[in-house]
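Colleague: Sequence below, structure please.
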Amino acid sequence: MDYFKKKKIKDILQKNITSYQDITVLGWVKTKRVSKNIAFLELNDGSTVKNLQIVILNPSDFELEEINRGASLKIKGYLEDVPNREQSIEMKAEEIKIIGKAPENYVLQKKKHTFEFLREIAHLRPRTKTFSTVNRFRNKIAYAIHKYYQEKGFQYIHSPIITASDAEGAGEMFKVTTLDFDNLPKNEQNKVDYQEDFFNEQTGLTVSGQLEAEVMATALGDVYTFGPTFRAENSNTSRHASEFWMMEPEMAFCNLEEMMDVIEDFIKYLFKYALDEANEEMAFFGKNIEEGRKETLKKIINSTFARITYTKAVDILSKADQEFEFPVEWGMDLQTEHERYLTEEHYNKPVLVTDYPKEIKAFYMRINDDDKTVAAVDCLVPEVGEIIGGSQREERYDILKERMEKEGMNLTKYEWFLDLRKYGSVPHSGFGLGFERILMYISGIKNIRDVIPFPRTPGNAKF
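Modeller: Below is the predicted model of the structure:
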C-alpha cells in the first residue's frame, strides 16, 4: 500500500475524503463495547483529539476477545453518515487485523490520571487524550514561529549546542567532557587540565544561541534561532526546566523601539494563530485545562501594549496601594509580584518595560547616555509577568570592551565577539522567548513538565 493513501482519522471525521468505500485505517483502541449482535471500537491514530467509531455488525466473525484497550489495529471497511450525532460519520468494519496486542492490565485504563502520575510514565503519556493534544499543539505553535519569521524575511540559523562561552555570564552550564573522572589530568596549578580534553578547553551545553545569532545577523541581517538550551540550575519550580527550547531573533540595523514593535506583533501573531489554526486544541484546553484562555488571548490581541521605563515602573509600584513581599526600590530587579501588578492591576494589558539599571543586566546590553541604564526590555503579560526579555546590543567596541573588563571576563575567550564591533559594526537588537513558557501561557497548563515530551529537571533525566 502506498503509505500516503492510508486515511487519517482527522480527515475522515472532517470528511476530507473522496470516497466512503474501501477505507483502511490504522490506530490504537481507546474503548471496546461488545454485545451479542453488535460491537463498537473507538480508534485513534494521533491525528486528532476525537476517536473514530468502528461498528462491527457480526462480532462472532472476529477475535474481539484478543483486542484490549491500547492494542494497535488495521481495519478495512466503509464509511457511513450518521446524522444528528456528535460525530456525523462512522466506519463499518469488514476486516480487522491485530498489529500489536495490549494486556488487560494496560496502565492507561479509561479513567482520569493525574499529571503527576503521567510524568512517571512519560513514554506512555502521549497516548492519553491530554498529552496527544499537547504534542499536536506544540507542533502547531512551533510551525507558527517558523511561519512568522520566514514570512518576515528572517533566516533560520543553527547555533551550536556545545559551546565554550556562557552567554548569560551566570555560570550555570552543564559541562561537556571526555575526560576520565577516575584519572583527571592536572596542570601545574593542580587544576583540571582541559587542554587534555576533547576540545582542548572547557566546554558546556549552551544556555543561549544569542551570541552566535549576533554573528549571523551581522552578515545576513535578520535571523532567528530555535532550538534546545540548557541550564544547570537547581530549581524545582513549575516554570523551570534544565532543558528547554528557546527561539531568539536577532536583527541588524535595529534599535530598541523597532524591536519592541516586533515583540508586540510576534506575540499577537502567535495568539491569533493558536485561535485560528489550533481551534481543536484550544477547545480542549478550555474544557479540560482552564476556562477562558481564548478570551485572555483575544483581549491581548486587541490591546496596544503599554511602554514604560523601569524608572516609571518603580514609581508606579512605590505608589501602589498594595504591600509587596519584596519592597520596591530603584536598582533592584523586578519580582514576579511587581510585574503582575503592572500588567494586571495598573495597565490591565501587556507592558513593555525598558531601560533597566545596567548593574542587573547582561554585559552585552547597550549602555544608555545616562550611563546608569541599558537599552533592555522585558515584555510582561497578565498572570505570569515576564515572558520575553531582550535588548539592543552594545555595538561600540571600546564601551563593550571596558564593560567586559570591569566584569572580569576573559577577553581572549570572547575576542571573536568583540571582533563584530571592529569590522562594520551596526546597531542590532534581539530577544529570547522560552518556547515552553508560551505554550503554558496559551494553553493554561501550569507546569512546564507537562508541555515538553520528556522533561529534564533536577534529579530527573529518565526516558
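Colleague: which stretches of the stretch 101-250 of the chain form helices?
Modeller: Along the stretch 101-250 of the chain, the segments classed as helices by DSSP state H, counting those that start in this stretch run 115-119, 129-151, 210-220.
Colleague: Which secondary structure elements does the strand or helix carrying residue 352 sit against?
Modeller: Applying DSSP states H and E as the criterion places residue 352 in strand 351-357. Counting contacts by 3 or more Cβ pairs under 8 Å, 6 or more residues apart in numbering; DSSP states H and E, strand 351-357 is packed against helix 256-277, strand 306-309, helix 310-318, strand 373-381. The way it works is simple: take the backbone N, C-alpha and C, and place the C-beta from them, glycine included.
Colleague: Can you tell me who the residue nearest to residue 343 when sequence neighbours are not counted pairs with across the strands?
Modeller: The spatially closest residue to residue 343, leaving aside those adjacent along the chain, is residue 380, at 4.5 Å (Cβ to Cβ, 6 or more residues apart in numbering). Beta bridges link residue 380 to residue 351, residue 386 when assigned by DSSP bridges.
Colleague: can you pull the contacts of residue 380?
Modeller: Contact analysis of residue 380 by Cβ atoms under 8 Å, 6 or more residues apart in numbering lists 339-340, 342-343, 350-353, 386-387.
Colleague: try residue 215
Modeller: By Cβ under 8 Å, 6+ apart, residue 215 lies in contact with 416, 420.
Colleague: at 10 Å what do you get?
Modeller: Listed by Cβ atoms under 10 Å, 6 or more residues apart in numbering, the contact partners of residue 215 are 157, 159, 223, 250, 416-417, 419-420.
Colleague: ranking those by neighbours, who comes first?
Modeller: Highest neighbour count within the contacts of residue 215: residue 250, with 32 neighbours (other Cβ atoms under 10 Å).
Colleague: returning to what we had before: quick check: the farthest pair among the contacts of residue 380?
Modeller: For the contacts of residue 380, with distances taken as Cβ to Cβ, the pair at the greatest spread is 340 and 352 (15.1 Å).
Colleague: pLDDT below threshold where in the protein?
Modeller: Under the criterion pLDDT under 70, the flagged ranges of the chain are 1, 168-171.
Colleague: check contacts around the spatially closest residue to residue 102 that is not a sequence neighbour.
Modeller: Once flanking residues are discounted, residue 102 sits nearest to residue 70: 3.4 Å by Cβ to Cβ, 6+ apart. By Cβ under 10 Å, 6+ apart, the residues touching residue 70 are 28-30, 100-104, 106-109, 124, 127.
Colleague: let's go with 8 Å and repeat that
Modeller: Contacts for residue 70 (Cβ under 8 Å, 6+ apart) come out as 28-29, 102, 106, 108, 127.
Colleague: Could you report the distance from residue 280 to residue 321?
Modeller: For residue 280, the distance to residue 321 (Cβ to Cβ, to the nearest Å) stands at 43 Å.
Colleague: of the two, who's got more company?
Modeller: More crowded of residue 280 and residue 321, by other Cβ under 10 Å: residue 280, with 17 against 5.
Colleague: what about that one, which helix or strand?
Modeller: With DSSP H and E as the test, residue 280 turns up in helix 279-288.
Colleague: for that helix, which positions count as buried?
Modeller: Neighbour counts over helix 279-288 (16 or more other Cβ atoms under 10 Å) mark 280-282, 284-286 as buried.
Colleague: With distance to residue 192 as new columns, can these be given to me in CSV?
Modeller: Rendered in CSV, the data for these read as follows (distance: Cβ to Cβ, whole Å):
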residue, distance to residue 192
280, 53
281, 48
282, 51
284, 51
285, 48
286, 53
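Colleague: Which of those residues sits closest to residue 212?
Modeller: residue 281 (32.8 Å).
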